[in-house]
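A.B. asks: Need coordinates for the below:
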Amino acid sequence: MSIKILSVVGARPNFMKIAAICEAVREYNATNNSLSIDHVLVHTGQHYDANMSDMFFNDLELPSPNLFLGVGSGSHSAQTAKIMEGFERVLLVEKPDIVIVVGDVNSTLASALVTKKTSWTNQTGRDFIPKLVHVEAGLRSFDRTMPEEVNRIVTDALSDVLFTTEESANENLKREGVQAEKIHFVGNVMIDTLLRYRSKAKESTILKDLQLFDKDHAKPYAILTLHRPANVDDRETLIKMLDAFLQISRDMPLVFPVHPRTLKQIQEADLGDYFVDHFIDRPEPWDSRVRIRLLPPLGYLDFLELMSLAQVVLTDSGGIQEETTILGVPCITLRDNTERPVTLTHGTNVLVGSDCKKIIEEFTRVVRGQREIPSAPQLWDGHAARRIIRILVEEERRSAGPSGAEVQTIESQHPD
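C.D. replies: Predicted structure coming up:
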């Protein structure tokens, strides 16, 4: 007997989460024979660059996607519509028992909507709708101007099984009326991947490539990542933040792997002068003396090694808030809110928004050694994906019953 699980990946943050799921499925199939998992990986192509995608898939030892939709970029609505149209065809061909979506990108929302609006006749002659599973459910920034917040809320409302990373997510879902039996607190699959690849990341040559090694020790440096529309789309906001980053760079080099969206804004706003040295005679941008080091996006292993040895990380990314919590690296988040409050209470994270004075003050506090001692949040132990697969298999066994009947039908979802 087997169950078919279809997992959806669409953007770079998804890759690290799905990697843990794929490994847990491989591990399960290698040790269990009575009920196997037929795992289908679908890449929507929401964020797709051939070199970057290949780099992440190789770094994370991900299997090649079984299906690639190639939707590409576009407005939120256009992109969501393209994914929905392509994913419906996938469901009707593959007919999975379970669909797993992760995180909060447009691929997550689009795949969730299609899953719960698509049915087919199963072997028993009944109309069947797949079970929808959301990994990283329940996170809330309470800021609905963020597209990710809308994606999270809608996906959670549709999901049959919700796997959470922290206690605040459990409380959010319960407050929104989600039945307690649907919610499973399992830990964080992003941390599964980080812990699995931390040793391998040490083989990266990224610090030597960037001339950030002094003999056998890393030189002091900071990392910057910046991509959210609120920070990069308004020229004046971006200029004020760059002024703060330039001041920070007087104390230590600022390594900036630039997101394509941010690079486009920098180019269109003619802000290239921020990325050559203002204190010496204008070297080439890749010269080690340049204070704000603008880099192309990095692969997972290179970025993990760079982040592990940084003095501080400045970011507006959600996932990096979690990773720095486990790495014990101070994190200055360039947002006014976070959907991951455990990184504030247990981790190294501090919110400063886009306020230049706050950014510089927090950076100064960190470099003076005034930092909190982090502790690992509950269940962030590298085993979240194993818990997810175990729970899904157990639920399928119970639903099938002794006769091995189909596990979910429209009738069983709506008994009235």
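A.B. asks: any chance you could map the helices in the stretch 101-250 of the chain?
C.D. replies: Per DSSP state H, counting those that start in this stretch, the stretch 101-250 of the chain carries helices over the ranges 106-115, 147-158, 167-175, 189-201, 206-209, 229-232, 235-248.
A.B. asks: Can you tell me which of these is packed in deepest?
C.D. replies: When the helices of the stretch 101-250 of the chain are scored by mean count of other C-beta atoms under 10 Å, the highest mean neighbour count falls to helix 106-115 (a mean of 27). The C-beta positions use only the backbone N, C-alpha and C, and glycine is treated the same way.
A.B. asks: now the angle from that helix to helix 147-158?
C.D. replies: Helix 106-115 runs at 30 degrees relative to helix 147-158, counting by axes from the mean of the first three to the mean of the last three C-alpha atoms, to 10 degrees.
A.B. asks: Residue 82 touches residue 73, doesn't it?
C.D. replies: No - applying C-beta atoms under 8 Å, one finds residue 82 not in contact with residue 73, separated by 10.1 Å.
A.B. asks: So those two - more neighbours on which side?
C.D. replies: Between residue 82 and residue 73, residue 82 has the larger neighbour count (other C-beta atoms under 10 Å), namely 20 against 12.
A.B. asks: show me what contacts the more buried one?
C.D. replies: Listed by C-beta atoms under 8 Å, 6 or more residues apart in numbering, the contact set of residue 82 reads 69, 71, 72, 74.
A.B. asks: ok, and the most crowded of those residues?
C.D. replies: Highest count within the contacts of residue 82 by other C-beta under 10 Å belongs to residue 71, 26 neighbours.
A.B. asks: hmm, back to that, in TSV: the helices of the stretch 101-250 of the chain, plus distance to residue 376 and mean pLDDT.
C.D. replies: Shown next, in TSV, are the helices of the stretch 101-250 of the chain (distance: least, C-beta to C-beta, whole Å; pLDDT from 0 to 100):
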stretch	distance to residue 376	mean pLDDT
helix 106-115	26	97
helix 147-158	24	97
helix 167-175	14	98
helix 189-201	8	98
helix 206-209	25	93
helix 229-232	29	93
helix 235-248	28	94
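A.B. asks: now these in a markdown table, with distance to residue 54?
C.D. replies: Formatted as a markdown table, these follow (distance: least, C-beta to C-beta, whole Å):
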| stretch | distance to residue 54 |
| --- | --- |
| helix 106-115 | 19 |
| helix 147-158 | 26 |
| helix 167-175 | 33 |
| helix 189-201 | 17 |
| helix 206-209 | 18 |
| helix 229-232 | 26 |
| helix 235-248 | 31 |
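A.B. asks: Between those helices, which one is closest to residue 22.
C.D. replies: Comparing those by their distance to residue 22 (C-beta to C-beta), the top pick is helix 189-201, with 10.1 Å.
A.B. asks: can you give me the helices for the stretch 301-416 of the chain?
C.D. replies: Ranges of helices in the stretch 301-416 of the chain, per DSSP H, counting those that start in this stretch, are 318-327, 342-345, 356-367, 384-400, 410-413.
A.B. asks: among those helices, which is the most enclosed?
C.D. replies: helix 318-327 (a mean of 24).
A.B. asks: Export that one to PDB, keeping only CA atoms.
C.D. replies: The C-alpha trace of helix 318-327 is given here as PDB (Å, rounded to 0.1, in the frame of the first residue of the first chain):
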ATOM      1  CA  GLY A 318      11.700  36.200   8.000                       C
ATOM      2  CA  GLY A 319      13.800  33.100   7.600                       C
ATOM      3  CA  ILE A 320      17.000  34.800   8.500                       C
ATOM      4  CA  GLN A 321      15.500  35.800  11.800                       C
ATOM      5  CA  GLU A 322      15.100  32.100  12.600                       C
ATOM      6  CA  GLU A 323      18.500  31.000  11.300                       C
ATOM      7  CA  THR A 324      20.400  33.700  13.300                       C
ATOM      8  CA  THR A 325      18.500  32.600  16.400                       C
ATOM      9  CA  ILE A 326      20.000  29.100  16.100                       C
ATOM     10  CA  LEU A 327      23.400  30.300  15.000                       C
END
